[in-house]
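Q: structural data only, the sequence is not supplied:
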């Protein structure tokens, strides 16, 4: 037993009670539902990699125009990510999470109806708003439900559903494009929004947020249900004693949530994580959005370029699994740096392989590139929410994601401009340098968060 046992005199209790829980089947159910919603969203996000070439051909777009179209979803993601963080810290994690699913589901269907590139760009913008809303709220929910001893692993594994979604997007494209067109692809992708009904029923509101918002009766009721389900899952009659020392660090801050990102506690973390997200996503999306189109430009047929892009993406599966293990065994900071530097090196080598025309070398370097880059994603989603206190966690995660989406929308457009002048080798060299800059920011400004409760990391 730690500290005082007097619950009635303690004030905030969510951290003390959640952190002492063993990871149970109920935790894993919550993980699976949030990760599956993340997976469906990731399919939509990755789909442009596989259909951009077909859209470019149908509408007769130049490389620069196609790059601008691909960037429209990232414009929406900037707005969605920034607003969802503020809204989730103001109104709660769960309602914002649900709204995001409705937005991207409706927008995906509308994309299938677009009659010209301008209309499609607008619908892709709306789709981006929904996707941008969902990602930071999902990572915040996961970080607040899973205890510190397993938090890194589960948040990283949740992000692993992104490469799985990317691969699934490729498989859907491969089979649908063989018999239909890109419009059917977007119509199919609207269906998973119905998963909202599962989220609504089985995912509770974060007790940490409820306490911070002063809704103590709801927090207590949610905690009691949560603990009862953990006991049922574990088949035990009692749980370990709450870690009461963590309750002392849980008092709500009255600081405006955005301004709190620049408090003495958060200022350096915010600068670091914004730079990390910007350069990492600039490099990643500048390259991956164009993978299929670049292969087509190199002389591969549409279906073959899609198949090769899916094959290359398989490297992401061991990549995120390795990162999920390393963030707990090695730490967030070294894993992040290693994945960025490895991704940068392999992106450069992939670009050189594309110039050589050797298909086996191209696939080998592509597999290695995606191994590191999807590992990078796992660390980003693990690391970011850990840097902020409960009252600004969604806002901090949302704005970091929003800044990253600025890099995302610039990346494809920059590639569309650079490609005609510098060729594929130049494109992948620029991408590699982005990852090196991101790694340097983490090395010089990042902190280690492994094994620490969220409240310990946000204590002054």
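A: Thanks, I have it. Since the model is a prediction, treat every value here as computed from it, not as a measurement. Residues are numbered from 1 along each chain as shown.
Q: show me the shaky parts of this protein.
A: 1-12, 247-256, 289-306, 354-357, 419-420, 423-425, 459-460 (pLDDT under 70).
Q: swap in 50 and give it another go.
A: Residue ranges of the chain with pLDDT under 50: 1-11, 250, 252.
Q: please enumerate the helices of the stretch 301-450 of the chain.
A: Assigned by DSSP state H, counting those that start in this stretch, the stretch 301-450 of the chain shows helices spanning 302-313, 316-329, 332-356, 359-386, 393-445.
Q: now for the third one, which elements pack on it?
A: Based on contacts counted as 3 or more CB pairs under 8 Å, 6 or more residues apart in numbering; DSSP states H and E, the elements that helix 332-356 packs against are helix 267-288, helix 316-329, helix 359-386, helix 393-445. C-beta here means a position set from N, CA and C on the backbone, and glycine is covered the same way.
Q: grab the nearest non-local neighbour of the residue nearest the centre of the chain.
A: Nearest to the mean C-alpha position of the chain, counting by CA atoms, centre = their mean, stands residue 135 at 5.0 Å. Nearest residue to residue 135, sequence neighbours excluded (CB to CB, 6 or more residues apart in numbering): residue 401, at 5.8 Å.
Q: how close does the one you found sit to residue 454?
A: As judged by CB to CB, to the nearest Å, residue 401 and residue 454 stand 18 Å apart.
Q: which of the two has more neighbours?
A: Neighbour count, other CB atoms under 10 Å: between residue 401 and residue 454, residue 401 has more, with 30 against 27.
Q: which residues does that one contact?
A: 77, 81, 85, 132, 135-136, 277, 384 (CB atoms under 8 Å, 6 or more residues apart in numbering).
Q: among the residues you listed, which ones are in strands?
A: Of the contacts of residue 401, none are assigned to strands by DSSP state E.
Q: what does stretch 129-136 rub up against?
A: If you take CB under 8 Å, 6+ apart as the criterion, stretch 129-136 is touched by 37-38, 41, 44-45, 73, 76-85, 88, 96-97, 99-107, 381, 384-385, 394, 397-398, 400-402, 405.
Q: drop anything exposed from these.
A: 37-38, 41, 44-45, 73, 76-85, 88, 96-97, 99-101, 103-105, 107, 381, 384-385, 394, 397-398, 400-402, 405 (16 or more other CB atoms under 10 Å).
Q: just the ones in helices from the residues you listed, please.
A: Those of the buried ones among the contacts of stretch 129-136 mapping onto helices are 37-38, 41, 44-45, 73, 76-85, 88, 96-97, 99-101, 103-105, 107, 381, 384-385, 394, 397-398, 400-402, 405, per DSSP state H.
Q: can you list the helices of the stretch 301-450 of the chain in JSON lines and add distance to residue 23?
A: Converted to JSON lines, those look like this (distance: least, CB to CB, whole Å):
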{"stretch": "helix 302-313", "distance to residue 23": "29"}
{"stretch": "helix 316-329", "distance to residue 23": "12"}
{"stretch": "helix 332-356", "distance to residue 23": "19"}
{"stretch": "helix 359-386", "distance to residue 23": "16"}
{"stretch": "helix 393-445", "distance to residue 23": "21"}
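Q: which one of those helices is the most hemmed in?
A: Comparing the helices of the stretch 301-450 of the chain by mean neighbour count (mean count of other CB atoms under 10 Å), helix 359-386 ranks first with a mean of 25.
Q: quick one: the helices in the stretch 1-150 of the chain?
A: With DSSP H, counting those that start in this stretch as the criterion, the stretch 1-150 of the chain has helices at 14-18, 25-59, 63-91, 93-111, 117-145, 148-159.
Q: out of those helices, the one nearest residue 413 is which?
A: helix 63-91 (4.5 Å; CB to CB).
Q: list the contacts of the residue nearest to residue 97 when sequence neighbours are not counted.
A: Leaving aside its sequence neighbours, residue 97 sits nearest to residue 137 (CB to CB, 6+ apart; 4.7 Å). With contacts defined as CB under 8 Å, 6+ apart, residue 137 is in contact with 84-85, 88, 93, 96-97, 100, 394, 398.
Q: could you dump those residues into TSV with distance to residue 269 added?
A: Below are the contacts of residue 137 laid out as TSV (distance: CB to CB, whole Å):
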residue	distance to residue 269
84	20
85	15
88	19
93	21
96	23
97	24
100	25
394	15
398	15
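Q: mind checking how far the helix or strand that contains residue 228 is from the chain centre?
A: Here residue 228, judged by DSSP states H and E, is contained in helix 216-234. Distance, stretch centre to chain centre, for helix 216-234: 28 Å (CA atoms, centre = their mean, to the nearest Å).
Q: do the same with stretch 54-62
A: Using CA atoms, centre = their mean, the offset of stretch 54-62 from its chain centre is 29 Å.
Q: what number of residues lie near the residue lying closest to residue 377 once chain neighbours are set aside?
A: Leaving aside its sequence neighbours, residue 377 sits nearest to residue 159 (CB to CB, 6+ apart; 5.2 Å). Counted with other CB under 10 Å, residues neighbouring residue 159 total 28.
Q: residue 159 touches residue 376, doesn't it?
A: No: checked against CB atoms under 8 Å, the pair residue 159 and residue 376 is beyond contact range at 9.6 Å.
Q: shared neighbours, those two?
A: Joint contacts of residue 159 and residue 376 (CB under 8 Å, 6+ apart) do not exist.
Q: wait, what's in contact with the closest residue to residue 78 other than its chain neighbours?
A: Of all residues not flanking residue 78 in the chain, residue 405 sits nearest, at 4.3 Å (CB to CB, 6+ apart). Residues near residue 405 by CB under 8 Å, 6+ apart: 74-75, 77-78, 81, 128, 132, 281.
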